[in-house]
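Novice: need a structure here:
(one chain, ligands or ions: 2)
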Amino acid sequence: MRCRLSIVLSLQPASFAAMVYRGGLEEDLGRIKALGYDGVELAIRDPGLLDRGRVLSALEAAGLPVPAIGTGQAFGEEGLSFTDPDRNVRARAVARMHAHVPLAEKLGALLIVGLIRGKSAGAQDKSRAEELILEAMRDIALGHPAQKFAVEPINRYETEFINTVDAGLRFLDRLKLDNVGLLLDTFHMNIEEPSPTRSIAMAGERIFHFHIADSNRWHPDAGHIDFGAVIEALDRAGYRGWLSAEILPLPDADSAARNTIVHMRRFT
Ligand code: LER
Ligand code: MN
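Specialist: Numbers count the residues shown, from 1 in each chain. Ligands and ions are numbered 1, 2, ... in the order given. Presented below is the predicted three-dimensional model:
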């Protein structure tokens, strides 16, 4: 199967480590294009602080489409989450997701719901926190029925909420909104899933987006994930979307990006 490959570029400073490119808009887009990527996934903390015109013209000049926009930095850098005990913080997190929609619509990108859901129930009851995530997603996704959202199961060391593909599917079953699906990530699946390929089959057409990273979060071929088997499972599941590299910039950014392309093109 020929899959389109993208890689994450953060448009604003971020402490999250698994992003190869950050900050150097025109220069980084040029590199990503020259390496042979088909598109670029953007990580954006606050769309209100972007020079939107500059971003749009840089993307156009590079000829790179944007399959997805990551939103988790609002949690990482500002602590905004759907499950914060403070209702004002929760409201700001929901408002931030709404604020991402105009640029996402313009770019035809789906919006990722990762760590913006929060990390821990803290002082509150876990089931109450889970209700808050549901409530937030209803508000956001019902408000923009033409916009796609992808909820990402994230491993237990990063959040208490929705760690597995099964938990993600149960969440979607409760939400019942066609514009919300899942983002599966090989790094998280390697930690949480008994069989990543079976989980891919189980998620089937509800897979809206896909992150690739090896077991150590380095580029594919630096750890022990069998990407041939992953691609075969995605193909059988009918997935025709993007594979987006969310990896550590190691041994250095360009080598990580180049090694990803070289390895993934053996299968796609
Ligand atoms: C984001 O896509 C992700 O995979 C998480 O690990 C973010 O912390
Ligand atoms: Mn991910």
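Novice: Nearest residue to residue 177 in space, please, no chain neighbours.
Specialist: Spatially, and ignoring its direct neighbours in sequence, residue 177 is nearest to residue 141 (4.8 Å; Cβ to Cβ, 6 or more residues apart in numbering). (Glycine included, C-beta is placed from N, CA and C.)
Novice: I'd say the one you found and residue 135 touch.
Specialist: No - in this structure, residue 141 is not within contact of residue 135 by Cβ atoms under 8 Å, at 11.3 Å.
Novice: which of these two has more neighbours?
Specialist: Each of residue 141 and residue 135 has its neighbours counted (other Cβ atoms under 10 Å); residue 141 has more, 21 against 13.
Novice: quick check, that one in a helix?
Specialist: Yes - counting by DSSP: H, G, I helix; E, B strand; the rest coil, residue 141 is located in a helix.
Novice: how close does it get to residue 180?
Specialist: Relative to residue 180, residue 141 is positioned 5 Å away (Cβ to Cβ, to the nearest Å).
Novice: shared neighbours of the two, which are they?
Specialist: Listed as contacting both residue 141 and residue 180 by Cβ atoms under 8 Å, 6 or more residues apart in numbering are residue 149.
Novice: show me where the stretch 151-268 of the chain has helices.
Specialist: Counting by DSSP state H, counting those that start in this stretch, one finds helices in the stretch 151-268 of the chain at the ranges 165-175, 186-192, 196-203, 227-236, 253-264.
Novice: Residue numbers of the stretch 151-268 of the chain in contact with ligand 1?
Specialist: 152, 154, 158, 185, 211, 246 (Cβ under 6 Å from any ligand atom).
Novice: Touching, the first one and residue 111? I think so.
Specialist: No - under the criterion of Cβ under 8 Å, residue 152 is not in contact with residue 111, lying 11.0 Å apart.
Novice: what's in contact with the helix or strand of the chain with the lowest mean pLDDT?
Specialist: Least confident helix or strand of the chain, by mean pLDDT, DSSP states H and E, is strand 21-22 with a mean of 91. With contacts defined as Cβ under 8 Å, 6+ apart, strand 21-22 is touched by 7-10, 13-14, 28, 31-32, 249, 253, 257.
Novice: let's see 6 Å
Specialist: Applying Cβ atoms under 6 Å, 6 or more residues apart in numbering, the contact partners of strand 21-22 are 9-10, 28.
Novice: Repeat that for stretch 215-227.
Specialist: Identification of contacts with stretch 215-227 by Cβ under 6 Å, 6+ apart yields 18, 186-187, 190, 212, 214, 247-248, 250, 256, 259-260, 263-264, 267.
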